[in-house]
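Chemist: Predicted model and sequence follow; I will ask about them next.
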Amino acid sequence: MSGRLWCKAIFAGYKRGLCKQRGHTALLKIEGVYARAETEFYLGKRYAYVYKEKNNTVTLRCKPNKARVIWGKVTKAHGNSGMVHAKFRSNLPAKVIGHRIRVVLYPSRI
Amino acid sequence: MCGGVSQINHFSPRLLCPWYFVTTIGTLTRTPGLFYLKNVSTALFLLCKMVGEKAKKPDTKEKPAAKKAGGDAAGAAKKGDPKVKKPKKGRPHCSRNPGLVREIGRYSQSAMYSRKVLYKRKYSAAKTKVEKKKKKEKVLATVTKPLGSNKNGGTWVVKLRKMPRCYPTEDVPRKLLSHGKKPFSQHVRKLRASITPGTVLIILTGCHKGKRVVFLKQLGSSLLLVTGPLALNRVPLQRAHQKFVIATSTKVDISKVKIPKHLTDAYFKKQQLRKPRHQEGETFDTEKEKYEITEQHKADQKTMDSKLLPKIKAVPQLQGYLRSQFSLRNGFFETGFLCVALEPILALWRPGWP
């Protein structure tokens, strides 16, 4: 069985000014990336927020299971310490702040 | 410079040209799509050239006209050139008629005739009516087919070109010419510099994710042809997409390996399994057609494997490397791991490492 093929990241919060936050763009903190120069590898990579629900969902290849996904992709770097903007197909729910997001290694550019 | 249709509309041909040219302009504009984007002076010039010649081949004339319509400053630089004889036929030349003002050339039509040395250019003579009649094959309108039974004379007549089933209620206006929109089969295929024949790739998606495979060649649809080889990691000859693959710096030398020509996209295309037609009372009895690996696939896999395995075994530890799977581990951070050095090079790899 293959091991982990995704990088760990945390949903740090939404794009925001001091008083207003924009739910359509998320800020992610990727483990191991702590400088702006290092984020270049992750630009364009897809992100997945994976969660489980009570009811089964249909999957493409496996049997229906309880896991669900919200997909997104990284759009640009944020700040100097390796944070990254990401846009999801639908906005991430706020209760996920501080929780795990998976960064997959595709679309690959190397 | 040559505007879209809207420009032509404002530029009324009737103002410029004598009345007897109007009708011919009318025919020209009806030829599919060619003259919508050309300016009217070009059309005029073409008319003059075509006096005495049949207007049935506007497309061959269109090319020289297109060159004329440039009217750029570059045309002025080539003034000396038209005197030089061009031994090759049909070599395109930039505009010999630099524009004074937009859409008005410096030289008159007779001057252009000399400049382009048209008196020397021989176009094929127009075929006489008799010749054309002889050459034209009779297009069959109907075909007689035999009937199963003897009744009705034993044959029936089938129309080859049938009347349309329905006509649209509105006349749809003809689409404008589009530029540079190519169908998928004509797209430019790119390949990353890091992917060369023999590169070991890591597949990122699909049921074989994490496996290391050998890249063979890029197919016509830009997908990559890869193989495990099957004996090492159960990855058959299959296609992979560039974007969903990481190229490592490890390469196998397959320059001497000949890849069979019949391994194309059509070979790998998914077979449409026939869904069973349900009949009354048999809804649950009919079996679904299952996907089966054809003998052809198996044979091809065997030949490719037999060619590749010796090359792989020649490199120490490469066999074990291809059998192992890639994964990320805690403490290995991807930016340092992957983007700086593509993968730990084979010399540093030890069994058990990712």
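Modeler: Right, received. Where do you want to start?

Chemist: And the contacts of the longest strand along chain A?
Modeler: When chain A is parsed with DSSP state E, its longest strand is strand A:65-78. Under the contact criterion C-beta atoms under 8 Å, 6 or more residues apart in numbering or on different chains, strand A:65-78 has outside partners A:15, A:25-28, A:36, A:39-40, A:42-57, A:59, A:83-90, A:92, A:103. C-beta here means a position set from N, CA and C on the backbone, and glycine is covered the same way.

Chemist: From these, which land in strands?
Modeler: Those of the contacts of strand A:65-78 lying in strands (DSSP E): A:15, A:25-28, A:46-57, A:83-88, A:103.

Chemist: Selection in PyMOL covering whichever of the contacts of strand A:65-78 are buried, please.
Modeler: Burial among those is assessed by 16 or more other C-beta atoms under 10 Å in any protein chain shown; the matching PyMOL selection reads:
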select buried, chain A and resi 15+25+26+27+28+39+42+45+46+47+48+49+83+84+85+86+87+88+92+103
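
Chemist: same for chain B: which of the contacts of strand A:65-78 are within range?
Modeler: Among the contacts of strand A:65-78, proximity to chain B is found for A:Glu40, A:Tyr42 (C-beta under 8 Å from any C-beta of the partner chain).

Chemist: Neighbouring strands - and their directions - for the helix-or-strand element of chain A with minimal mean pLDDT?
Modeler: Ranking every helix and strand in chain A by mean pLDDT, DSSP states H and E puts strand A:46-57 at the bottom, with a mean of 90. Partner strands and pairing direction for strand A:46-57 (DSSP bridges) are strand A:65-78 (antiparallel), strand A:100-104 (antiparallel).

Chemist: Now the residue positioned nearest the centre of chain A: closest residue in space, sequence neighbours ignored.
Modeler: With distances taken as C-alpha atoms, centre = their mean, the residue of chain A nearest its centroid is A:Tyr47 (3.8 Å). Spatial nearest neighbour of A:Tyr47, chain neighbours left out: A:Gly72 (4.6 Å); criterion: C-beta to C-beta, 6 or more residues apart in numbering or on different chains.

Chemist: tell me, how many neighbours does that neighbour end up with?
Modeler: Residues lying near A:Gly72 (other C-beta atoms under 10 Å in any protein chain shown) number 23.

Chemist: Which strand residues bridge it?
Modeler: Under DSSP bridges, the beta-bridge partners of A:Gly72 are A:Tyr47, A:Phe88.

Chemist: any idea how far chain B is from the residue lying farthest from the centre of chain A?
Modeler: Going by C-alpha atoms, centre = their mean, the residue of chain A most distant from its centre is A:Lys63, 24.6 Å out. Distance, A:Lys63 to chain B, using C-beta to the nearest C-beta, to the nearest Å: 14 Å.

Chemist: In chain B, mark out all the helices, start to finish.
Modeler: Assigned by DSSP state H, chain B shows helices spanning B:5-10, B:13-16, B:19-30, B:40-50, B:58-68, B:74-77, B:109-115, B:129-135, B:230-233, B:265-268, B:295-314, B:318-323, B:334.

Chemist: quick one: low-confidence ranges for the chain?
Modeler: Defaulting to chain A. Along chain A, segments meeting pLDDT under 70 span A:1-2.

Chemist: that answer is for a different chain, and I need it for chain B
Modeler: B:1-90, B:124-128, B:130-137, B:276-288, B:332-354.

Chemist: With adjacent residues omitted, what lies nearest to B:Val226?
Modeler: B:Val213 is the one closest to B:Val226 (C-beta to C-beta, 6+ apart), at 4.3 Å.

Chemist: what's around the one you found, how many residues?
Modeler: Neighbours of B:Val213 (other C-beta under 10 Å): 25.

Chemist: Now for it: which residues touch it?
Modeler: Neighbours of B:Val213 in contact, by C-beta under 8 Å, 6+ apart: B:Val200, B:Leu201, B:Ile202, B:Ile203, B:Val226, B:Thr227, B:Gly228, B:Asn233, B:Val235, B:Ala240, B:Leu322.

Chemist: so what's the residue nearest to the second one when sequence neighbours are not counted up against?
Modeler: Just to be clear, that refers to B:Leu201. Nearest non-adjacent residue to B:Leu201, counting by C-beta to C-beta, 6+ apart: B:Val245, 4.7 Å away. Taking C-beta under 8 Å, 6+ apart as the contact definition, B:Val245 lies against A:Ser108, B:Ile195, B:Leu201, B:Ile202, B:Ile203, B:Leu204, B:Leu224, B:Val226.

Chemist: try B:His241
Modeler: Contacts of B:His241 (C-beta under 8 Å, 6+ apart): B:Leu223, B:Leu224.

Chemist: Next one: it relative to B:Val226, how far apart?
Modeler: 10 Å (C-beta to C-beta, to the nearest Å).

Chemist: And B:Ala266, by the same measure?
Modeler: Distance of B:Ala266 to B:Val226, given as C-beta to C-beta: 18 Å.

Chemist: quick one: which of those two has more around it?
Modeler: For B:Ala266 versus B:Val226, the count of surrounding residues by other C-beta under 10 Å is larger for B:Val226: 25 against 10.

Chemist: shouldn't the more buried one be in contact with B:Arg212?
Modeler: No - counting by C-beta atoms under 8 Å, B:Val226 sits too far from B:Arg212 to count as a contact (9.9 Å).
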